[in-house]
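A.B. asks: Just to be clear, the model below is a prediction. Sequence and coordinates:
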Amino acid sequence: MFRRYTFDSTDVIKERNYIEVRFVSAVLYAAERNAAHSQYSVPPDCPPPQQNGECHVNFIRKEQSSFSWDWGPSFPTQGIWKDIRIEMYEICHLTYLTATSVYDETRQRWSVEIESFYDVVSSQLIKGELTASIPSLHTHQTYKIGLGKGEYSRSKVRLNLNQNASVDPWWPHGHGNQTGYNMMVTVTIGGERLIEKSSTVYFRTVELIQEPVPGSPGLSFYFKINGLPIFIKGSNWIPADAFLERVTFDVLQNLLQSTVDANMNALRVWGGGVYEQDAFYELCDKLGIMIWQDFMFACALYPTDKSFLASVEEEIIHQVRRLKSHPSIIIWSGNNENEAALATNWFHVSLSNISLYLDDYVQLYVSTIRETVLKEDRNRPYITSSPTNGKESIQEHWVARNPYDVHYGDVHYYSYDTDCWDWTYFPKPRFASEYGFQSWPSFSTLEKVSAAEDWSFNSSFVDHRQHQVAGNKLLLNQIQLHFQLPQAEDPLENFKSTIYLSQVMQAECIKAQTEFYRRSQSEVVDGQGLTMGTLYWQLNDIWQAPSWASIEYGGKWKMLHYFARNFFAPVLPVAFEDDGSLIIYGISDLSMDLQLVLQVRVYQWSSLEPVCAHTTEPFTLKGSSAAPVYKAVTATLLQRCSCSRDRCVVAFHLEDQGQQRGPVNYHLLTSLKDAHTLRAPHINASVSEHGGVYSVSLHSSSIAPYVWLDVGNIPGRFSDNAFLMLQHNKVLTFLPRRPTSTSLLQAALTIRTLHGSTLTTH
């Protein structure tokens, strides 16, 4: 599934031909390969029973999650899933063309390394010319090349740019342009132009910085793009459908546009899925989405027999050659969580055999994958696993004693038993590449695949779709820490309200953790900090079910994704309490310094008018940094405002010369189940359309947290949603993904708050 196959049919071609393709069951093949590996077991054998999955997926080079995962179904597809074709040529055929930029620091000049790969059928050495041109950079050069017989013939040339050409580098989203340049390559043999190929070339450098940190043990772990340290903010990508042929360009475009619209600049393509289609990476190039690219090995040990390793080597060669021209890909990673699986003995391997599995690990991810990557691509870093301690893991013979050490590399962190609003439970790593909480998708998404008898958290449907062990229990327990579970007489209303609360809980949990990581980027506290990346788990869904995703199957934004647009904002204030004080940090991703003030307002839950307000003195927020900008003893602040924790909420925002910079943020002083003066709001809504823009005007009688607008099955999204309503009136826009009308929107619109559905339309 992960490599390219070619077969020479020259000797079997007849006047009349037919092709017959026979398939073996993927499930049976995996079982047979496991049975044939009789020397020792290669765990895990099967997924947990909750997943209803198939066994021995680690023995087949296929989408690992297709045999089931804790967020997806077991649909082990088989068949030809990419183009199949017959190619005819007499001399040679171009199989790959790659173009990667190189920057000479000494000469301060760019060049392009062009590699071309051929299948040559001529028995003689072929001499020819390769011409490369980038017209917009006034660059044109011709090179002599020689191609030997075979399907692995290659040519490498260096295209030096015209000295007078001005290059606009490729930058991640939010940091600059994503300029690409059209390049034409022609290959001429015997005076005849045999090959013409155009491609887009981009100019960018990437470095993974792992160096000593003053005041802390360990090493840093952050990325420089074009010499500039970049804070990585985004999510993790899984296959967008269990049946990959349904992942159309429109599906990809909606998901990836939603990524940058939520102020993200990166995605991690997770190692249990697939190497994505070309359109995915092309869109990431154009949108400025950096890609952390796992190789497709996840949560398992793997065999290392000769045929398996040979297949893996071909897989890596194919994928690196196919993908390395994309500037969006900034790192290769050997696997997902397999270093951690060995280090902490997930699979209860006998200690007497552990060295055997450690040797296999090095054989696969170092001697095979790493060595192959280094031969094919030195334009970006490679790490063996995620999480990993990076250079420290190498020092410990590639498997660290504790791959979750916050002083090195990247960390995955999940805790479902602790209070996810409490920042003191969170690790303070160099880079947070996985963390998350589940929620259920919206009722309109579930309704498509369920019936009325399924709409209860006690139904067999709910149990069947929940693939995390004890997932629904953990989810409900987390909700009850801060909210009252619904007690409506109508079971359907209870079901919808519980779905709503699951999304509120998920959004608040990820908000708390992400804000913690963002404010930790510029500081070291007790030897921990300098966090330079945050990728929550996960962006998208593979089917209609509870998961960690922020975008539902079908493309609808959950509350978390609306929250992400705020907590990933380029300029943002965040608040937390420590040692009895309320502390607010200012965070900026911008390269320039800002002159700002902070506006702090305290509201009683019973009133839309603030009971007190404070404006700080002007201060400088340095570019690409996080720093404290406000501190007050919480008890003193509340006393001054005639408030108590259960009656008040704090809201705050940054201003630049009287103009708001970034979103309004808030700090909850207590669980909302204890906010005794919080009243059920009455919200009026009207829908209008002007010049093709749909507006929703809201009027609320009182403060309302988590105001949630939903238009059912009408695809699209709102300009804001799941917000804290702190004013009587608010106007939103709705961005439809297909044609709609005012009457359809008005009929479909529902508004939900913590007190249930509340809406009057006119």
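C.D. replies: In hand now; what should we look at?

A.B. asks: first vs last residue of stretch 216-223, how far apart are they?
C.D. replies: 19 Å (CA to CA, to the nearest Å).

A.B. asks: what comes up buried for that stretch?
C.D. replies: If you call a residue buried by 16 or more other CB atoms under 10 Å, then stretch 216-223 has these buried ones: 216, 218-223. Where you see a C-beta, it was placed from the backbone N, CA and C, and this is true even at glycine.

A.B. asks: Check for me that residue 582 belongs to a helix.
C.D. replies: No. Residue 582: not assigned to a helix; according to DSSP: H, G, I helix; E, B strand; the rest coil it is strand.

A.B. asks: Could you check how far it is from residue 654?
C.D. replies: 16 Å (CB to CB, to the nearest Å).

A.B. asks: Neighbour count for those two, which is higher?
C.D. replies: residue 654 (27 against 22; other CB atoms under 10 Å).

A.B. asks: excluding its backbone neighbours, what's nearest that one?
C.D. replies: Nearest residue to residue 654, sequence neighbours excluded (CB to CB, 6 or more residues apart in numbering): residue 661, at 4.4 Å.

A.B. asks: for residue 614, same thing?
C.D. replies: Looking at residue 614 with CB to CB, 6+ apart, the closest residue is residue 600, at 4.6 Å.

A.B. asks: Tell me how many other residues crowd residue 416.
C.D. replies: Counted with other CB under 10 Å, residue 416 comes out at 16.

A.B. asks: for the residue lying closest to it once chain neighbours are set aside, what are its contacts?
C.D. replies: Nearest residue to residue 416, sequence neighbours excluded (CB to CB, 6+ apart): residue 474, at 4.4 Å. The neighbours of residue 474, taking CB atoms under 8 Å, 6 or more residues apart in numbering as the test, are 416-417, 438, 468.

A.B. asks: and residue 394, what are its phi and psi?
C.D. replies: phi -60, psi -40 (degrees, to the nearest 10).

A.B. asks: Give the next helix or strand downstream of the longest helix seen in the chain.
C.D. replies: The residue-count maximum for a helix in the chain (DSSP state H) belongs to helix 491-519. Downstream of helix 491-519, the next assigned helix or strand under DSSP states H and E is strand 524-525.

A.B. asks: What strands flank that following strand, and is each parallel or antiparallel?
C.D. replies: strand 528-529 (antiparallel) (DSSP bridges).

A.B. asks: Which residues does the partner strand contact?
C.D. replies: Outside strand 528-529, the residues that touch it by CB under 8 Å, 6+ apart are 216, 406-407, 427-429, 520-521, 523.

A.B. asks: mind checking which helix or strand the residue nearest to residue 416 is in?
C.D. replies: helix 471-480.

A.B. asks: Over that helix, what's the mean pLDDT, rounded is fine.
C.D. replies: For helix 471-480, the mean per-residue pLDDT is 96.

A.B. asks: Okay, angle between it and helix 491-519 too, please.
C.D. replies: For helix 471-480 against helix 491-519, the angle by axes from the mean of the first three to the mean of the last three CA atoms, to 10 degrees is 70 degrees.

A.B. asks: buried stuff in helix 471-480?
C.D. replies: Residues of helix 471-480 classed as buried under the neighbour-count rule (16+ other CB under 10 Å) are 471-472, 475, 478-479.

A.B. asks: which of the contacts of residue 474 lies closest to residue 389?
C.D. replies: Minimum distance to residue 389 across the contacts of residue 474 is 24.9 Å, recorded for residue 416 (CB to CB).

A.B. asks: for that closest one, what are its contacts?
C.D. replies: By CB under 8 Å, 6+ apart, the contact set of residue 416 is 437, 474, 477-478.

A.B. asks: which pair in those residues spans the largest distance?
C.D. replies: 437 and 477 (11.5 Å).

A.B. asks: hang on, the earlier thing: can you tell me which of the contacts of residue 416 comes closest to residue 47?
C.D. replies: Residue 47 lies nearest to residue 474 out of the contacts of residue 416, by CB to CB, at 18.3 Å.

A.B. asks: Tell me the confidence at residue 82?
C.D. replies: Residue 82 is given a pLDDT of 91.

A.B. asks: Who is residue 184 paired with across the strands?
C.D. replies: For residue 184, the beta-bridge partners under DSSP bridges are residue 133, residue 198.
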